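Engineer: structural data only, the sequence is not supplied:
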């Protein structure tokens, strides 16, 4: 590349215009990289026994079952316990289930957690990569962490996707086209626009049933959704008209599967029964898309769905013989629908009018788009903030929030000055240093950390990352500006 002689940029007005150009161009460059990465992802997907052929959603009522285990990277515990207990437990439990149930698919989010597995458990991580290649373990969510989306900037949310899916694509040869935030504390109106700009096609959360401020839903709503929930599956549209397909009523991520979901008959003594065939039929009458989305799994320490739930899903998918577990109406625990050991008579499972798919987290969204069915889905524009859960999450742990914003501003300056210094030939572009600092920032945006709901001790680790990132960005700015000055 031809260097511009220093005298040609020595006029202050031209020099200022150079920096304005860099500041304007940088976000568009990031968006182009993120979008291009997302659009090239589909070709890398592997077809295996675990994956069912795409159904005709105009005529075949279909329920997509998304196996999942929620892990709070810091909450009532800190990083050391996550690394020593929860990460290996998540791998080992799922490895065991994969060997027993060939149609079981486990979805897990957060490139930051995968990086910890890779660093501390390389042998297990190699085994995890094998199961990703067979299609049984899916790197879901697209992001570095299941991040808060209220306090961080739009730039940070785009970076979550850019860095998260870049890691998944590099390590596994595949990535997701959905954004999974089951447990975050509200969602702003511009989130669908930001996600669509980053190449995301689908979004899911179960948090709205905890108390949503949206003036929608209720007994008289078209799909009889809970108050505050716009629809089961629909189009969430941002202020600029861009949108994502959203699954906003998928059930609890810590719920098990304890009855044949393809049938409408409720087992005796069951609590919180959902007639899924009826619900999907109503979805189809409303939108023309006979499809719905259902989490099952566990939380908040990782692991896997309980084995009895996985067994029942396998029996439904394969339409094989099995027995239902007993139901205790007085059961009172965090996983009230987890399946006990089967004890009833042997019956053939999965023979009801509802087609069940053990699914990657993004499969439903891609199937709807592939069949060009999105236009008929119900729509919603506006905030989906929470009213009853985590009040104060916008102000708690203000120092961490302040340092997050400081890092976002420093990162922008570091990238602009580094680009200028590289263009002038004064300094090589410090890509790895910038990426390392950004990853520290993105890890600190995990929803319990950023919202201020983690333990006080957790912030000793997060503040450390904040300060390391600030120092990295500041040193980069100092080096780049020194290089630019030397060329004037």
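Structural biologist: Thanks, I have the structure now. Everything quoted here is computed from the prediction, not taken from an experiment.
Engineer: now the helices: where do they sit in the stretch 251-400 of the chain?
Structural biologist: Assigned by DSSP state H, counting those that start in this stretch, the stretch 251-400 of the chain shows helices spanning 276-287, 307-318, 363-370, 398-423.
Engineer: check the stretch 1-150 of the chain too.
Structural biologist: So, for the stretch 1-150 of the chain - with DSSP H, counting those that start in this stretch - the helices run 12-39, 79-81, 87-100, 111-120, 122-134.
Engineer: where does the stretch 201-350 of the chain dip in pLDDT?
Structural biologist: Within the stretch 201-350 of the chain, the ranges that satisfy pLDDT under 70 run 329-340.
Engineer: swap in 50 and give it another go.
Structural biologist: Scanning the stretch 201-350 of the chain for pLDDT under 50 picks out 332-337.
Engineer: what count of nearby residues applies to the closest residue to residue 257 other than its chain neighbours?
Structural biologist: Spatially, and ignoring its direct neighbours in sequence, residue 257 is nearest to residue 309 (4.2 Å; CB to CB, 6 or more residues apart in numbering). The C-beta positions use only the backbone N, C-alpha and C, and glycine is treated the same way. Counted with other CB atoms under 10 Å, the neighbours of residue 309 add up to 25.
Engineer: roughly how far apart are residue 203 and residue 278?
Structural biologist: Here the criterion is CB to CB, to the nearest Å. By it, residue 203 lies 25 Å from residue 278.
Engineer: before we move on, back to that, so the residue nearest to residue 257 sits right up against residue 258, yeah?
Structural biologist: Yes. The pair residue 309 / residue 258 is scored as a contact, 7.1 Å apart, by CB atoms under 8 Å.
Engineer: thought residue 434 was touching residue 418?
Structural biologist: Yes. Between residue 434 and residue 418 there is a contact under CB under 8 Å: 7.1 Å.
Engineer: tell me, what's touching those two both at once?
Structural biologist: Counting by CB atoms under 8 Å, 6 or more residues apart in numbering, the common neighbours of residue 434 and residue 418 are residue 476.
Engineer: more neighbours: the two, which one.
Structural biologist: The neighbour count for residue 434 versus residue 418, taken as other CB under 10 Å, is higher for residue 418 (27 against 17).
Engineer: hmm, that one is touching residue 430, no?
Structural biologist: Yes. Contact criterion CB under 8 Å: residue 418 and residue 430 qualify, at 5.7 Å.
Engineer: now do the shared contacts for these two.
Structural biologist: Taking CB under 8 Å, 6+ apart as the criterion, residue 418 and residue 430 both touch residue 476.
Engineer: which ones are touching residue 210?
Structural biologist: 386, 388, 389.
Engineer: quick one: buried ones out of the residues you listed?
Structural biologist: Neighbour counting with 16 or more other CB atoms under 10 Å marks residue 386 as buried within the contacts of residue 210.
Engineer: can I get the contacts of residue 210 in a markdown table with distance to residue 195 and pLDDT?
Structural biologist: Output for the contacts of residue 210, formatted as a markdown table (distance: CB to CB, whole Å; pLDDT from 0 to 100):
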| residue | distance to residue 195 | pLDDT |
| --- | --- | --- |
| 386 | 19 | 94 |
| 388 | 25 | 80 |
| 389 | 22 | 78 |
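Engineer: next step: the contacts of residue 210 restricted to strands.
Structural biologist: Among the contacts of residue 210, no member falls in strands (DSSP state E).
Engineer: can you map out the strands along the stretch 101-250 of the chain?
Structural biologist: Remark: strands assigned in the stretch 101-250 of the chain by DSSP state E, counting those that start in this stretch are 106-108, 137-139, 178-180, 202-204, 233-237, 243-247.
Engineer: for the third one, name the packing helices and strands.
Structural biologist: Contact partners of strand 178-180 among helices and strands, from 3 or more CB pairs under 8 Å, 6 or more residues apart in numbering; DSSP states H and E: strand 202-204.
Engineer: same question for the first one.
Structural biologist: In terms of contacts (3+ CB pairs under 8 Å, 6+ apart), strand 106-108 is packed against strand 62-71, helix 87-100, strand 137-139.
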